[in-house]
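**Q** heads up, no residue letters with this:
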């Protein structure tokens, strides 16, 4: 539970680069996510090119933090891997969350930047990366050493819990 409560959206980063070993650990965590029928419909693009990060920040209305982040991970769906149509959204959500939680354990800060299902955002990311038609960009995770700190958050609300019926 420690990583779950410590995970917060971090949008300010130190200029310190993130070690390749830590990026590799994030990717291992991402690919450990559950998926419908074990289809594992994911691909990842690690982005550490400052020009590309800035380009995304300039085209995506909620990605300004990429101008500071030393690295980001683009999480994509491969529709040719789909066994159960449409469930890739859940699969990639779990994969993205795994990245966020593993980052906490590594002392990194992250924020989930949504791409899918916004058609304009999807199209911009497809253009920037030259993605083939079977690859759908789902999310971008900004990654870096945090330059802001937020208190842990326990958002439990008993009023939202129901047993056996509404």
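**A** Arrived safely. Only a predicted model underlies this, so the values are computations on that prediction, with no experimental measurement involved. Numbering: from 1, shown residues only.
**Q** start to end distance for stretch 116-134?
**A** Start-to-end span of stretch 116-134 (Cα to Cα, to the nearest Å) is 14 Å.
**Q** Show me what counts as buried in it.
**A** Residues 116, 121-122, 124-126, 128-129, 131 are the ones in stretch 116-134 that count as buried (16 or more other Cβ atoms under 10 Å). C-betas here are computed from N, CA, C, even on glycine.
**Q** and if you look at stretch 20-35?
**A** 22-23, 25-27, 29-30, 33, 35.
**Q** would you turn those residues into CSV with pLDDT, secondary structure and distance to residue 43?
**A** Shown next, in CSV, are the buried residues of stretch 20-35 (pLDDT from 0 to 100; DSSP: H, G, I helix; E, B strand; the rest coil; distance: Cβ to Cβ, whole Å):
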residue, pLDDT, secondary structure, distance to residue 43
22, 98, helix, 20
23, 98, helix, 15
25, 98, helix, 18
26, 98, helix, 14
27, 99, helix, 11
29, 98, helix, 16
30, 98, helix, 10
33, 98, coil, 13
35, 98, coil, 13
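**Q** avg pLDDT for the longest helix seen in the chain?
**A** Longest helix in the chain by number of residues (criterion: DSSP state H): helix 88-105. Regarding helix 88-105, the rounded mean pLDDT is 98.
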